[in-house]
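Participant: A structural model of the following input is requested.
(chains A and B)
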2 protein chains.
Amino acid sequence: MASVVKKHLNNKSEARHVKAINPQGTLIIIGGKEDKHGEKKILKEIARRAGKGKIIIITSASDLPHEVWPEYKELFKGLGIAVKQLHHLHINQPEEVRRLQLNKIFAGAKVVFFTGGDQLKLSSKLGGTLLMDYVLDVYKAGGTLAGTSAGASVMGEIMLVGGGDSDSHKVGNWMMAPGMRFMESIIIDQHFAQRGRIGRLLGAIALNPGVLGIGIDEGTAVIVENDHFTIIGENAVYILDGRGVTYSNISEASADQTMSIHDVRLHVLAENEVFDLKRRKSISKS
Amino acid sequence: MASVVKKHLNNKSEARHVKAINPQGTLIIIGGKEDKHGEKKILKEIARRAGKGKIIIITSASDLPHEVWPEYKELFKGLGIAVKQLHHLHINQPEEVRRLQLNKIFAGAKVVFFTGGDQLKLSSKLGGTLLMDYVLDVYKAGGTLAGTSAGASVMGEIMLVGGGDSDSHKVGNWMMAPGMRFMESIIIDQHFAQRGRIGRLLGAIALNPGVLGIGIDEGTAVIVENDHFTIIGENAVYILDGRGVTYSNISEASADQTMSIHDVRLHVLAENEVFDLKRRKSISKS
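Facilitator: Just a heads-up that it's a prediction; the model follows:
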């Protein structure tokens, strides 16, 4: 398997393999409802990575940017970490990107943060736009891309949209869309235990057991650097590894049948634990 | 590992090993909310096994026996399968058992059915009473013990009571009580996907990875015969096998920490699939 952490490829035919193994930046992928009142550990982690640079907050997943943006503005300013500059971006349609002075907006940007909402809004409004090239340039230059809830889901190669919460998966319950692909061969799900989403992530794994499923609980995040990630936050992260799968009925059974899948490897990781994406192995705390 | 399906041992010092390997009866373990309006597949399965014998319905888990009993009476009579006799038992305290004419009540009994409610009510009211000896004699003689929801949970050696629904498991979240032990080395959970219970079942597995976790969805049941079980019903059954577990923090971390566990084997089974309890292996549909 090629490295899992890989940057979006552009038309310049970049040295894909090398870049994949040596990504420059960091991803902070949050399962939604990050702590906004207590210790604010996850938001502080993001702010710290901005250093003396700018944080760009993209609210395009949300229908309520005028509520979401001021909330994060206050939060980032109140963390006790000097954030030099915050910039709000809300794109309603891809054409709006053309009118933006992206060079100016992204000058000095060290962090791009995608808020929650609807992942399809995020991917359909921003996917393929010049804005995303600028976002990837931040990452390429060693910066951080962070996202919560819908903003987390879009980071994978494929993202889950809809699909029955709190129920076992039905064979015909398709719920995929192409993601932003900050990571490859990965599907991210969020609000994981809280919304009983193991069924839909297992459904995704069944479709291609080579894809690694990462289910992130609320109030919890994974920090991806190079070929590993570390957990922060109060709840858990679930890893579904389908490489040992011996059977599933996903391609044979009728659409209304319940999905079955045998021999999935499951890891549940808590804060400070590290997962090796290359070896697909959790590394115990010493 | 000794056979998983084993009868409760009484003081007569039965040949434990032989009985374990050759159980005579059947268990029908239902994840709650069995279909009562449509095809009624699970209830028919139970009724069929009564043959020309009696079905004893025990409502002691419930606070509303006068609602639960008439409902099941009508259901069993309306299945289109001739059920010869239904008998209702509701025990509020163990001492009430002494006043029952158990010989008469259990004469010709082929099925004992435990309704839902609170599993602790069931185990605390009936555990260790002479009534349970009669129940086990039905099983010993080739009969069927069936239970739904709380009536399913009590069948294992250990049962889960309380514990956070729809959240990841905390290390200190103990939620065990001794079950009726119709099966050994097994923990059963019910309403499984619907109430997001994988966290609490993983918590139980972490405490002793040698115990097999079986999470049964609503509207779904496992039929245990000899050393295997078969799934019926519309949803799924989750098997958590901890024998390959490489790490968990359950004995080391503080009580309020989120539990972690690595390398659990997970199977999701759908209708008609068969699981071999001895080899702990799901058998694919041919």
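Participant: Can you report how many residues neighbour A:V68?
Facilitator: 19 (other CB atoms under 10 Å in any protein chain shown). From N, CA and C alone the C-beta is placed, and that goes for glycine too.
Participant: That one and A:S62 touch, don't they?
Facilitator: Yes: with contacts counted by CB atoms under 8 Å, A:V68 reaches A:S62, the gap being 4.8 Å.
Participant: what touches both of those two?
Facilitator: Shared contacts of A:V68 and A:S62, defined by CB atoms under 8 Å, 6 or more residues apart in numbering or on different chains, are found at A:T115, A:G116, A:G117.
Participant: Provide the partner residues of A:I58 in its beta bridges.
Facilitator: Beta-bridge partners recorded for A:I58 (DSSP bridges): A:L89, A:F114.
Participant: quick one, what contacts it?
Facilitator: Contacts of A:I58 (CB under 8 Å, 6+ apart): A:L89, A:H90, A:I91, A:V112, A:F113, A:F114, A:T115, A:L122, A:L126, A:G151.
Participant: how much space is there between the nearest residue to the second one once chain neighbours are set aside and A:S124?
Facilitator: When you say that, I think you mean A:H90. Once flanking residues are discounted, A:H90 sits nearest to A:P65: 4.2 Å by CB to CB, 6 or more residues apart in numbering or on different chains. A:P65 is 16 Å from A:S124, where distance means CB to CB, to the nearest Å.
Participant: Quick one: name the residues of chain A near chain B.
Facilitator: A:166-169, A:193-196, A:198-199, A:202, A:217, A:234-236, A:240, A:246-247, A:249, A:253, A:257-271, A:273, A:282, A:284-285 (CB under 8 Å from any CB of the partner chain).
Participant: if you set the cut-off to 6 Å instead, what comes out?
Facilitator: By CB under 6 Å from any CB of the partner chain, the residues of chain A that approach chain B are A:166-168, A:193-194, A:196, A:198-199, A:217, A:235-236, A:247, A:258, A:260-262, A:264, A:266-270, A:273, A:282, A:284.
Participant: Quick one: list the elements packing against the longest helix along chain A.
Facilitator: As assigned by DSSP state H, the longest helix anywhere in chain A is helix A:65-77. In this structure, helix A:65-77 packs against strand A:85-89, with contacts taken as 3 or more CB pairs under 6 Å, 6 or more residues apart in numbering or on different chains; DSSP states H and E.
Participant: C-terminal to the strand it packs on, what's the next element?
Facilitator: Downstream of strand A:85-89, the first helix or strand assigned by DSSP states H and E is helix A:102-105.
Participant: count of residues packed around A:R279?
Facilitator: Counted with other CB under 10 Å, the neighbours of A:R279 add up to 11.
Participant: for A:G128, that is, sorry about that
Facilitator: 11.
Participant: so what pLDDT did it get?
Facilitator: You'll see A:G128 listed with a pLDDT of 92.
Participant: Please apply the same query to A:L9.
Facilitator: For A:L9, the predicted pLDDT is 35.
Participant: Excluding residues flanking it in the chain, which one is nearest A:Y238?
Facilitator: In space, A:Y238 is closest to A:G215, 3.9 Å off (CB to CB, 6+ apart).
Participant: Against which helices or strands is whichever strand or helix holds that neighbour packed?
Facilitator: Secondary structure assignment for A:G215, by DSSP H and E: strand A:212-216. With contacts defined as 3+ CB pairs under 6 Å, 6+ apart, strand A:212-216 has these neighbours: strand A:186-189, helix A:198-207, strand A:237-241.
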